[in-house]
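J.: sequence unavailable; structure follows:
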């Protein structure tokens, strides 16, 4: 079975500062990795995903995540955050090959203040 | 692309009544749909997985007679909460994926409040 650990339940940061949201996973087989963002009272939006190839993946709004197999991590980073980035961020994994269900971390609340 | 809608977005009902929530994939054929439940400030808990035309597969601890799932077409799945009670109040979110796809696309969620 897979598991996902997001150690930080909340990350407060000032606007325009850099941020890193940590995600570690555990699995005995290869996995796909995802980051989802949830704004208040809304569903989840796919932010970015790693399936194969380049270990650095980027989203259209400035976020990036790097897959590190040796450290079993998929941390999410942004060099300069905006107030509008305030949201809950979920890291998730699924088995590779045949599509499988998602296993989510507990989420990290990113709080951006002026 | 990959838009998933849910209806209603919010529903309030009396204890003992049944509530139906619809999940639709608007621009793709959803071979598999998932239903999640999310409690305040917590992660998503998978309730069940449904493939079009097949019976849903429920996660351990989820009552299939209470949470009826129907996936009658490639664009529509419904979740019916039967004889709802206050403890069923929650945020219900569906997601969908197409054949060959690797990511799930989520609906906006339905807030259920049972009085």
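T.: Everything's here; your move. Because the structure is predicted, anything quoted here is derived from the model rather than measured.

J.: every contact and neighbour count from this point should use C-alpha atoms.
T.: Noted.

J.: which one is the residue positioned nearest the centre of chain A nearest to, not counting chain neighbours?
T.: The residue lying closest to the centre of chain A (Cα atoms, centre = their mean) is residue A:35, at 3.5 Å. Spatial nearest neighbour of residue A:35, chain neighbours left out: residue A:91 (4.6 Å); criterion: Cα to Cα, 6 or more residues apart in numbering or on different chains.

J.: what's the pLDDT at residue A:99?
T.: Per-residue pLDDT puts residue A:99 at 54.

J.: do the same with residue A:14
T.: 97.

J.: so it sits against residue A:113, correct?
T.: Yes - Residue A:14 is in contact with residue A:113 according to Cα atoms under 8 Å; the separation is 4.9 Å.

J.: low-confidence ranges in chain B?
T.: Residue ranges of chain B with pLDDT under 70: B:1.

J.: what secondary structure does the residue lying farthest from the centre of chain B sit in?
T.: Distance from the C-alpha centroid of chain B peaks at residue B:100, with 21.4 Å (Cα atoms, centre = their mean). With DSSP: H, G, I helix; E, B strand; the rest coil as the basis, residue B:100 sits in coil.

J.: distance of it relative to chain A?
T.: For residue B:100, the distance to chain A (Cα to the nearest Cα, to the nearest Å) stands at 7 Å.

J.: contacting residues for the residue most central in space within chain B?
T.: Central residue of chain B (Cα atoms, centre = their mean): residue B:35, 3.6 Å from the mean position. Listed by Cα atoms under 8 Å, 6 or more residues apart in numbering or on different chains, the contact partners of residue B:35 are B:46, B:47, B:48, B:49, B:79, B:92, B:93, B:94, B:95.

J.: interface residues of chain B facing chain A?
T.: B:42-44, B:93, B:100-109 (Cα under 8 Å from any Cα of the partner chain).

J.: still on that earlier bit, my read: the residue nearest to the centre of chain A touches residue A:94, true?
T.: No - here residue A:35 does not reach residue A:94: they are 11.7 Å apart, not a contact under Cα under 8 Å.

J.: wait, what's in contact with residue 38?
T.: You didn't pick a chain, so chain A it is. A:44, A:45, A:87, A:88, A:89, A:90.

J.: wait, I meant chain B there
T.: Counting by Cα under 8 Å, 6+ apart, residue B:38 touches B:44, B:45, B:90, B:91, B:92, B:93.

J.: so who does the residue in chain A positioned nearest to chain B touch?
T.: In chain A, the residue that lies nearest chain B is residue A:43 (3.9 Å; Cα to the nearest Cα). Residues near residue A:43 by Cα under 8 Å, 6+ apart: B:93, B:106, B:107, B:108, B:109.

J.: for chain B, what are the nearby residues on chain A?
T.: Counting by Cα under 8 Å from any Cα, chain A sits next to chain B at A:41-46, A:49, A:51, A:90, A:99, A:104-107.

J.: any weak-confidence spans in chain A?
T.: Across chain A (using pLDDT under 70), the flagged ranges come out as A:97-100.
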